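Enquirer: I need the structure of the sequence given here:
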Amino acid sequence: MVVAANSGKKRANSSSASSFKKRPRIDGPKKEEKSKSKGALRAEKENISTSKVKRSKPVTVDVVDDRSEEDSEGEDFEAEENGDEGMDVDPGEDDVVLYEGTQPKSSARESHAAQRAIANERKASKPHASLLVEAKRLWSSVRQKNDISKAERQKAVRALMDCVRGKVQEIVFKHDASRIIQSIVKYGGQKERDEIALELKGKYVELCQNKYSKFLVTKLVRYSPSNRSSILSEFHGHVLRLLLHREASSTVADCYELYANAADRTALVWDLYGKEVALFATQTKKSLKDLLAEVDEARRKRVLEAVKDNILNIVNNPDKGAVTHAIFHRVILEYLTEIKYLSDEEEEKLRREIFDSCYELLAEMVHTRDGSRVVREFIAQGSAKDRKAILKTLKPHVEKMCSVDEAQVVLFTALDVIDDTKLLSKSLIQPMTSTCPQLLLPSSASSAATRRSILYLLVPRSNRHFTPAIVNTIAETDSIREKTSKKDNELRRDEIRKFASPDLLQFVVEHAKELISDPGGSLVVGEIMLYSDG
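Expert: Got it, this is the predicted structure:
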């Protein structure tokens, strides 16, 4: 009986264990997801990004049409599948436009056939027509998303490379041919990438300025780390011109922010220090601070003047988009830092000149680390009139700024240094509290960043919600605040809390059930109940 009981106990335990093993896993990554694929490991080893990395977008952009050249390839492919040429169609003067109902169907078909024949003749007369026809045929295999093995794709890539070898420079500026070369770079191996990079050597500045081939430059910089520095070195002497070019500006920004290493970034920025700097350029490029430390006073002033001229050149052409780029933000921050070593009168004059030229564009800078620091510098150093102008510029974008890490620090600095809390209430506090439903609901989808922006109104710099790194970043302007702000810090915080409390309490009343059902939301509710006035 004892044995039977024990065996029965074992069976029960075994049954319990087996039922436990069969229980579905509800949290944590799957085992397969933990291990990286061989391709991902190879890409990591070669410093190649396997996913499409994107630059941070300005808070002034509402809807971003971020469709890349890869996305539109599929559309062109579908057009060709349906019998319509999706690429490189040049309608001529002789083409006949048909309107529905004006001709019989047979006549319309004949007219369409005639138009197609004319288009085919026109294409056949173009340079490299036969080469492009063959390249497109091979390309259709290379770019297939499914139904093709890795070996078959590599075979097609090699055949495609054989087809265009020696002709890359001649065809790459064409719309469809540029995409063919991009596919070789994307799906090919290092050998094919090196061949493409070598054939295009000396042409990268020109490629950047073409609306089709500029994507090829980005792909080569992304997928071919071994050629990255040599490609970027061709930009030297042309960076300012490229930043002010409508097509090239975004390419330079992508290369600088996403793929260049520290040395490459410094070399690109070097161009914006002025022409004189190029005369005593060293093999190792240095920051503006290190550069100015090695020159005499007269040369220092000339270099700073050249940097200022380049900054104003970019600011005075906002339609080119360079104002939003991190490379520009770095230069303007370095400039504002270095003029501090001049006399107080000179510093104020130069800072005022920069501020007056760009204060209306400050909202386009807050999304990057250096840009955020520039705007915070202007807020901390500015007069009451300057601060009012800055708040007017930022007010339409407060909701987006609350969700962006670098941008929200600008809001925190404004709350810390501006003495006019009534102005703060209208320009910042009310826009922040009125958008609580959009920022915090559904609570499960809200981020720690958006919660921080609301909690700063009640418990600024609390170590429960703000990491030491964030607090240190906010504190960068504390020394300036001591000189430019008169109101006591605690009094300012009490007034801000008083202005923010009514909307926050009303938000809790209306959405309490949704908030307390989520850890993040309940955290916000707890702080509002503990620290709000009312």
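
Enquirer: the longest helix in this structure is where?
Expert: The single longest helix within the chain, with elements called by DSSP state H, is helix 489-516.

Enquirer: For this protein, which residues score under the pLDDT cut-off?
Expert: Within the chain, the segments meeting pLDDT under 70 span 1-52, 63-106, 119-127, 280-284, 443-446.

Enquirer: so what are the domain limits for it?
Expert: Listed by automatic domain parsing, the domain ranges of the chain are 235-359, 366-534.

Enquirer: just so I know, which of those lies nearest residue 163?
Expert: domain 235-359 (26.4 Å; CB to CB). (Each C-beta comes from the backbone N, C-alpha and C, glycine too.)

Enquirer: And the closest one, end to end?
Expert: Domain 235-359 has an end-to-end distance of 29 Å (CA to CA, to the nearest Å).

Enquirer: so what does the longest helix of the chain touch, helix or strand wise?
Expert: helix 405-417, helix 421-424, helix 430-434, helix 436-440, helix 519-531 (3 or more CB pairs under 8 Å, 6 or more residues apart in numbering; DSSP states H and E).

Enquirer: swap the cut-off to 6 Å and go again
Expert: helix 430-434, helix 519-531 (3 or more CB pairs under 6 Å, 6 or more residues apart in numbering; DSSP states H and E).

Enquirer: most packed of the ones you listed?
Expert: Greatest average neighbour count among the helices and strands packed on helix 489-516 goes to helix 430-434 (a mean of 19), per mean count of other CB atoms under 10 Å.

Enquirer: can you dump the C-alpha coordinates of that helix into CSV?
Expert: Listed next in CSV are the C-alpha coordinates belonging to helix 430-434 (Å, rounded to 0.1, in the frame of the first residue of the first chain):
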residue,chain,number,x,y,z
GLN,A,430,-1.5,75.0,-20.2
PRO,A,431,-0.5,73.4,-23.5
MET,A,432,1.2,70.6,-21.5
THR,A,433,-1.6,69.9,-19.1
SER,A,434,-4.4,70.2,-21.8
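
Enquirer: Quick one: residues in contact with that helix.
Expert: 398, 500, 503-504 (CB atoms under 6 Å, 6 or more residues apart in numbering).

Enquirer: Any chance of JSON lines for the helices and strands packed on helix 489-516, columns distance to residue 379?
Expert: Shown next, in JSON lines, are the helices and strands packed on helix 489-516 (distance: least, CB to CB, whole Å):
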{"stretch": "helix 430-434", "distance to residue 379": "16"}
{"stretch": "helix 519-531", "distance to residue 379": "25"}
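
Enquirer: Check which residues of the helix or strand containing residue 328 are buried.
Expert: Assigned by DSSP states H and E, residue 328 belongs to helix 326-338. Neighbour counts over helix 326-338 (16 or more other CB atoms under 10 Å) mark 326-336, 338 as buried.

Enquirer: can you check stretch 254-272 too?
Expert: Using 16+ other CB under 10 Å as the test for burial, stretch 254-272 gives 254-260, 264-272.

Enquirer: ok, of these, which one's closest to residue 526?
Expert: Distance to residue 526, by CB to CB, is smallest for residue 257 among those, at 38.3 Å.

Enquirer: I'd say that closest one and residue 326 touch.
Expert: Yes - with contact defined as CB atoms under 6 Å, residue 257 reaches residue 326; the gap is 5.0 Å.

Enquirer: Need the residue closest to the centroid of the protein.
Expert: Nearest to the geometric centre of the chain sits residue 55, at 1.3 Å (CA atoms, centre = their mean).

Enquirer: Could you pull up the residues touching residue 199?
Expert: When contacts are counted by CB under 6 Å, 6+ apart, residue 199 is found next to 168-169.

Enquirer: Quick check: it vs residue 227, distance?
Expert: From residue 199 over to residue 227 the distance is 11 Å, taken as CB to CB, to the nearest Å.

Enquirer: Show me the common contact partners of the two, please.
Expert: Residues touching both residue 199 and residue 227 by CB under 6 Å, 6+ apart: none at all.

Enquirer: which of the residues in stretch 418-434 are buried?
Expert: Those would be 418-419, 421, 423-425, 427-433, for stretch 418-434 by 16+ other CB under 10 Å.

Enquirer: Quick one: the helices in the stretch 101-250 of the chain, in order.
Expert: Along the stretch 101-250 of the chain, the segments classed as helices by DSSP state H, counting those that start in this stretch run 105-124, 129-142, 150-164, 168-171, 175-187, 190-199, 204-208, 214-223, 225-233, 239-243, 248-254.

Enquirer: Relative to residue 295, which of those helices is closest?
Expert: Distance to residue 295, taken as CB to CB, is lowest for helix 239-243 among the helices of the stretch 101-250 of the chain, at 21.0 Å.

Enquirer: How about residues contacting the closest one?
Expert: Taking CB under 6 Å, 6+ apart as the rule, helix 239-243 contacts 208, 248-249, 252, 268, 271, 310, 322.

Enquirer: Farthest pair within those?
Expert: Farthest apart among the contacts of helix 239-243 by CB to CB are 208 and 310. That separation is 18.6 Å.

Enquirer: Indicate which one of the domains of the chain is closest to residue 140.
Expert: Among those, domain 235-359 comes nearest to residue 140, with 27.2 Å by CB to CB.
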